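A.B. asks: here are the coordinates; sequence isn't available:
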């Protein structure tokens, strides 16, 4: 070598073994710590999400099972209705009873304008409704049957009285006016009602006396 001539470089610097080793170890540990922290954070988040999912089932399987259970519970419950089912009321041709009498409505005539003959008769204010009935005494003693105890009912539940005077004068074949019936006997009568032309019948209410509860026969 000459005087101040520098030593020739061969492509590497003087090494410091201890310093290099410390830097490599320190960097590896830091990365390991960071990676470990990241993995731990992911596990914590995943565990939280799984925990929430277990608390409130949102899977289709869980929902389907709950619905099936609810349907089964509802199937076991009796069906409730707001209104009780009413028994069908007796109608024309049916035999009904009230007190000592049994009744049967055999026919109903509507729209009759006049009853009686050409010279002696009665004209309806609106129209006459004629309810043909048979009455039987099913009691143990005589009972008076009166047409004035019977009621005609329209679709608005309004009650109409018989026209007893017109019936007594003009319905010669009727025994419905103040007729005493002995036990076991049957009579035929016609109940005569004077009602408006717009009248729509619902039922006739039949009584063995003015004080009995009566029984309804549907005319519809």
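C.D. replies: Everything's here; your move. If you're wondering where the values come from, they're calculated on a predicted model, not measured in any experiment.
A.B. asks: what ranges do the strands span in this structure?
C.D. replies: With DSSP state E as the criterion, the chain has strands at 95-98, 101-116, 121-137, 143-145, 151-154, 159-160, 179-181, 186-195, 201-206, 215-218.
A.B. asks: Kindly reformat those strands as TSV containing distance to residue 173, mean neighbour count and mean pLDDT.
C.D. replies: In this view, the C-beta of every residue, glycine as well, is placed from N, C-alpha and C. Output for the strands of the chain, formatted as TSV (distance: least, Cβ to Cβ, whole Å; neighbours: other Cβ atoms under 10 Å; pLDDT from 0 to 100):
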stretch	distance to residue 173	mean neighbour count	mean pLDDT
strand 95-98	22	15	97
strand 101-116	11	16	96
strand 121-137	10	18	96
strand 143-145	16	19	94
strand 151-154	20	20	98
strand 159-160	22	14	98
strand 179-181	13	16	92
strand 186-195	7	21	96
strand 201-206	19	21	97
strand 215-218	21	19	97
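A.B. asks: Nearest to residue 171 among those would be which one?
C.D. replies: strand 186-195 (5.1 Å; Cβ to Cβ).
A.B. asks: picking up where we left off before, to residue 172, which of the strands of the chain lies closest?
C.D. replies: strand 101-116 (8.9 Å).
A.B. asks: any idea of the angle the closest one forms with strand 186-195?
C.D. replies: 50 degrees (axes from the mean of the first three to the mean of the last three Cα atoms, to 10 degrees).
A.B. asks: what are the pairing partners of strand 101-116, and which direction each?
C.D. replies: Applying DSSP bridges, strand 101-116 is found paired with strand 95-98 (antiparallel), strand 121-137 (antiparallel).
A.B. asks: export these to a markdown table and tack on distance to residue 158?
C.D. replies: Below are those laid out as a markdown table (distance: least, Cβ to Cβ, whole Å):
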| stretch | distance to residue 158 |
| --- | --- |
| strand 95-98 | 21 |
| strand 121-137 | 13 |
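A.B. asks: Would you mind telling me which of those is nearest residue 185?
C.D. replies: Closest approach to residue 185 among the strands paired with strand 101-116 is made by strand 121-137 (5.6 Å; Cβ to Cβ).
A.B. asks: Specify the angle between the closest one and strand 201-206 in degrees.
C.D. replies: Using the same axes, to 10 degrees: strand 121-137 against strand 201-206 is 60 degrees.
A.B. asks: nearest to residue 193, of the strands paired with strand 101-116?
C.D. replies: Nearest of those (Cβ to Cβ): strand 121-137, 4.5 Å.
A.B. asks: Which neighbouring residues are in contact with the closest residue to residue 107 other than its chain neighbours, exactly?
C.D. replies: Using Cβ to Cβ, 6 or more residues apart in numbering and skipping residues adjacent in sequence, the residue nearest residue 107 is residue 132, 4.1 Å away. By Cβ atoms under 8 Å, 6 or more residues apart in numbering, residue 132 lies in contact with 105-109, 188-190.
A.B. asks: which one of those residues is nearest residue 170?
C.D. replies: Of all these, residue 170 sits closest to residue 190, with 10.1 Å by Cβ to Cβ.
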